[in-house]
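S.K.: can't give you the sequence, but here's the structure:
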């Protein structure tokens, strides 16, 4: 059984299952890391596109709440473009493009250890002023 990780003050079982690692969270940027594992791959041995989209979604949402870690965040829309196979360990970087009163716009990318762009996403997120009860 894997050790539970802290995701910038949140307990997120699905990200823990994927093995995502929280690296840094600044005022407008979040960085995470996804170590390569065989059970995250497709039939070609590349990290599955659904996994890539999931870690982008989390990292984008973390960037949204970087200025106020008490916020909840809901994904409204996210578009992803895949540019290269996800091979080896990957770094996910997300930044806020614009903060609105209740809607934030972010972009993010995944790069491999050679710096090759694997995927790029842009997303729209709704922020919640108060987290639902029971959420850490």
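M.R.: Nice, I can see it. Since this is a predicted model, take the numbers as computed values, not measurements.

S.K.: CA only for contacts and neighbour counts going forward, please
M.R.: Noted.

S.K.: hmm, who's touching the lengthiest helix in the chain?
M.R.: Ordering each helix of the chain by length in residues (DSSP state H) puts helix 49-64 first. When contacts are defined by CA atoms under 8 Å, 6 or more residues apart in numbering, helix 49-64 is touched by residues 8, 15, 18, 20, 25-32, 34, 40, 73-75, 78, 80, 92-96, 99, 104-110, 119, 121, 123, 125, 127.

S.K.: can I get the buried part of the residues you listed as one PyMOL selection?
M.R.: Selecting only the buried entries of the contacts of helix 49-64 in PyMOL, with 16 or more other CA atoms under 10 Å as the criterion:
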select buried, resi 8+15+18+20+25+28+29+30+31+32+34+40+73+75+78+80+92+93+94+95+96+104+105+106+107+108+109+110+119+121+123+125+127
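
S.K.: average pLDDT for stretch 65-73?
M.R.: Averaging pLDDT along stretch 65-73 gives 86.

S.K.: got a list of contacts for that stretch?
M.R.: If you take CA under 8 Å, 6+ apart as the criterion, stretch 65-73 is touched by 8-9, 25-30, 61, 64, 125-131.

S.K.: go again with 10 Å.
M.R.: Residues external to stretch 65-73 that are found in contact with it (CA atoms under 10 Å, 6 or more residues apart in numbering): 8-10, 24-30, 58, 60-64, 95-96, 102-104, 125-132, 135-136.

S.K.: swap in stretch 5-24?
M.R.: For stretch 5-24, contacts defined as CA under 10 Å, 6+ apart pick out 1-4, 25, 30-37, 39-40, 51, 54-55, 58-59, 62-63, 65-66, 69-70, 90-93, 135-136.
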